[in-house]
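Chemist: coords please:
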Amino acid sequence: MTTVSLDKKHHDRKRFDCGVEALNNYLKLMASQQSVKDNSRTYVLVDKENPQYIIGYYTLAMVNVDLTALPTVLQKKHQNAYSAGLIARLAVDKRYVQQGVGAWLLVDALKKLLIASDTVGFPLIVVDAKDGVEVFYKKFGFTSFLDEENKLFISIADVRASFRKV
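Modeler: Next comes the predicted model:
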């Protein structure tokens with residue numbers, strides 16, 4: 001499996017339905033615009049038999065980080081850091097759930113952000129999880145910020161170490 005950059009001319013965004021209107025609408029209406037404006041990048045996993053069909057997608061961006069919402073050890077370690085990689089959205093079409101696609105997309109997003117951090121340097125990856133979804137991210141080592149349970153982070157160092165184990 002391989003993700004590719006969203007291309008509104010080739011990918012059927014209207015067919016995509018993950019069951020969450022905000023995520024569906026972002027893909028249909030905003031993802032391409034945000035990419036053109038260099039605000040974010042959206043990557044899609046497409047069906048091999050029907051490459052216009054989107055199985056799932058994720059959007060990456062950068063975000064400012066409030067260090068005071070991190071554990072003290074990380075506050076001290078990254079006291080001069082101001083930004084983090086952001087997995088802004090991650091969704092799987094309902095027709096492809098329970099096939100490991102969400103986990104595969106998350107790992108792919110982490111790999112892309114790890115490469116980006118090697119180039120520009122940032123210490124954390126952040127995700128704003130919808131209610132109930134934080135459990136999914138915690139299985140992969142994400143930790144909640146001190147002030148928001150649904151806002152989670154993982155350090156680049158931990159991501160790098162986990163890929164070394166594989």
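
Chemist: C-alpha from now on. contacts and neighbour counts both.
Modeler: Fine.

Chemist: Can you tell me what sits against the helix or strand bottoming out on mean pLDDT in the chain?
Modeler: The weakest-scoring helix or strand in the chain, judged by mean pLDDT, DSSP states H and E, is helix 72-77 (a mean of 84). Helix 72-77 is contacted from outside by 67, 68, using CA atoms under 8 Å, 6 or more residues apart in numbering.

Chemist: what about 6 Å?
Modeler: Outside helix 72-77, the residues that touch it by CA atoms under 6 Å, 6 or more residues apart in numbering are residue 67.

Chemist: What of stretch 36-43?
Modeler: By CA under 6 Å, 6+ apart, stretch 36-43 touches 3, 4, 5, 6, 34, 35, 57, 58, 59, 60, 61.

Chemist: among these, which two are most distant?
Modeler: Within the contacts of stretch 36-43, two members stand farthest from each other by CA to CA: 3 and 34, at 18.0 Å.

Chemist: for the closest residue to residue 124 other than its chain neighbours, phi and psi?
Modeler: Nearest residue to residue 124 in three dimensions, chain neighbours excluded: residue 155, at 4.4 Å (CA to CA, 6 or more residues apart in numbering). For residue 155, the backbone dihedrals (degrees, to the nearest 10) come out as phi -80, psi 150.
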